[in-house]
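**Student:** Predicted model and sequence below, questions to follow.
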Amino acid sequence: MISFDIAATFTAEGSRFEVEAALDVADGETLVVLGPSGSGKTLLLETVAGHHPHAGSVTVDGEDVTDHPPERRDFGFVFQDYALFPHMTARENVAFGQRYATTEGLPDPDDLLDRMGVTHLADRSPRTLSGGEKQRVALARALAIDPRVLLLDEPLSALDVPTRQALRDDLATVLEAVTAVHVTHNRTTARALADRIAVMRDGEVVQTGTPDAVFESPATAAVAEFVGANVLSGAVFDVSRDGRVAVRPEHVRLDDGTAATVERVVREDATFRVTLVCDGERFAAFTDDPPAEGDSVGVSVADAHVTLLDK
């Protein structure tokens, strides 16, 4: 288990930024820290890793590592930009961390490259690798020290969609066997990989819970909008005339409910995203059978899929 209760202040180019978080991550659990760009996710991860001074504490398996330098915290770190050594081969990059490790029986670098599906790249320079190949080597390098905790900083964000999807599937398998903290702004990645999600906004954790809890029952309008829910008056669905509600687009039914006007229809992979307007409120629905733009349609949602945000 890793626990951290930290507060740190950073100043860059004249701007001051504060990060605060108190979280526990159980053995074998993947905690995904989800939030928009600039919310403090990477600063939080780097602080946990020991790269920034901070108030509070970081403990791993009951051991206080707050005053330990990064190399003594026994964390594997996967960077967004790979951070591979350009003068080393893929195999040498994976083996690099092991020269300073004190743990016995560390994984064989070639076995890790094989596990990540890049054995054939062992003798190649990072300069000759694609983004997905570099990230697989970087992940193998992080695992080479058999870390107590794996820290991942947006490892999929720089990849094209097919590569990101393939690596996300492989990463899900890797994360089954480790304790991990993964930061991302990507909702799909968070939902696919997380056992639990912590949502960050303006340097603070504003909601934690299972993926279903965060996505289906957001705590605030800001969280709801970031995880892709509609935020609008409950009166549109005749749920509550006194407050704002969150409703996910996939739960909005096009049927014989409240009348709404179709403003836009956009194809998204195997389905269609329909933008609707009702009483001046704009919201979205997903459907496999899209109406035409300008049509008047009925909309409804089951009470179980409505989250009241305020009263």
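**Tutor:** That came through fine. Residues are numbered from 1 along each chain as shown.
**Student:** neighbours of residue 5, just the number please.
**Tutor:** Residues lying near residue 5 (other Cβ atoms under 10 Å) number 16. Every residue, glycine included, has its C-beta placed from N, CA and C.
**Student:** now do residue 289
**Tutor:** 7.
**Student:** what about the helices in this structure?
**Tutor:** Applying DSSP state H to the chain gives helices spanning 41-49, 90-96, 109-115, 131-143, 161-175, 187-193, 211-216, 221-226.
**Student:** Just put those in CSV and tack on distance to residue 16.
**Tutor:** CSV is the format used below for the helices of the chain (distance: least, Cβ to Cβ, whole Å):
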stretch, distance to residue 16
helix 41-49, 12
helix 90-96, 36
helix 109-115, 41
helix 131-143, 31
helix 161-175, 34
helix 187-193, 28
helix 211-216, 29
helix 221-226, 22
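**Student:** Specify the beta-bridge partners of the closest residue to residue 139 other than its chain neighbours.
**Tutor:** Leaving aside its chain neighbours, residue 139 sits nearest to residue 78 (5.6 Å; criterion: Cβ to Cβ, 6 or more residues apart in numbering). Beta-bridge pairing for residue 78 (DSSP bridges): residue 152.
**Student:** and the residue lying closest to residue 132 once chain neighbours are set aside, how many neighbours?
**Tutor:** The shortest distance from residue 132 to any non-neighbouring residue, by Cβ to Cβ, 6+ apart, is to residue 163 (3.9 Å). Using other Cβ under 10 Å, residue 163 has 17 neighbouring residues.
**Student:** what's the answer for residue 159, then?
**Tutor:** 18.
**Student:** ok, now residue 255?
**Tutor:** Residue 255 - counted by other Cβ under 10 Å - has 10 other residues nearby.
**Student:** Who are the contact partners of the nearest residue in space to it that is not next to it in sequence?
**Tutor:** Spatial nearest neighbour of residue 255, chain neighbours left out: residue 298 (5.2 Å); criterion: Cβ to Cβ, 6+ apart. Residues in contact with residue 298 (Cβ atoms under 8 Å, 6 or more residues apart in numbering) are 254, 255, 256, 257, 258, 259, 260.
**Student:** got it, and residue 182?
**Tutor:** 30, 31, 32, 33, 151, 152, 155, 175, 189, 193, 194.
**Student:** could the contacts of residue 298 be laid out in TSV, adding pLDDT and distance to residue 207?
**Tutor:** Formatted as TSV, these follow (pLDDT from 0 to 100; distance: Cβ to Cβ, whole Å):
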residue	pLDDT	distance to residue 207
254	94	30
255	89	31
256	83	35
257	84	29
258	88	29
259	93	34
260	94	29
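**Student:** Now rank these by neighbours and give me the top one.
**Tutor:** residue 260 (24 neighbours).
**Student:** Report the beta-bridge partners for the residue nearest the centre of the chain.
**Tutor:** Geometric centre of the chain, nearest residue: residue 184, 3.3 Å, by Cα atoms, centre = their mean. Beta-bridge pairing for residue 184 (DSSP bridges): residue 34.
**Student:** That one reaches residue 32, doesn't it?
**Tutor:** Yes - contact status for residue 184 versus residue 32: in contact at 6.3 Å, counting by Cβ atoms under 8 Å.
**Student:** Could you pull out the residues contacting both of those two?
**Tutor:** residue 190.
**Student:** where's the nearest residue in space to residue 55 that is not next to it in sequence relative to residue 13, distance?
**Tutor:** Leaving aside its chain neighbours, residue 55 sits nearest to residue 7 (4.6 Å; criterion: Cβ to Cβ, 6+ apart). Note on residue 7: its distance to residue 13, by Cβ to Cβ, to the nearest Å, is 21 Å.
**Student:** cool, and residue 113?
**Tutor:** Note on residue 113: its distance to residue 13, by Cβ to Cβ, is 40 Å.
**Student:** neighbour-wise, which of those two wins?
**Tutor:** The residue with more neighbours, out of residue 113 and residue 13, is residue 113; 23 against 4, by other Cβ under 10 Å.
**Student:** Let me see the contact set for the more buried one.
**Tutor:** With Cβ under 8 Å, 6+ apart, residue 113 has these contacts: 90, 91, 94, 119, 121, 122, 137, 140.
**Student:** Count residues in the vicinity of the third one, would you?
**Tutor:** Pointing back at residue 94 there. Neighbours of residue 94 (other Cβ under 10 Å): 29.
**Student:** All good on my end, thank you.
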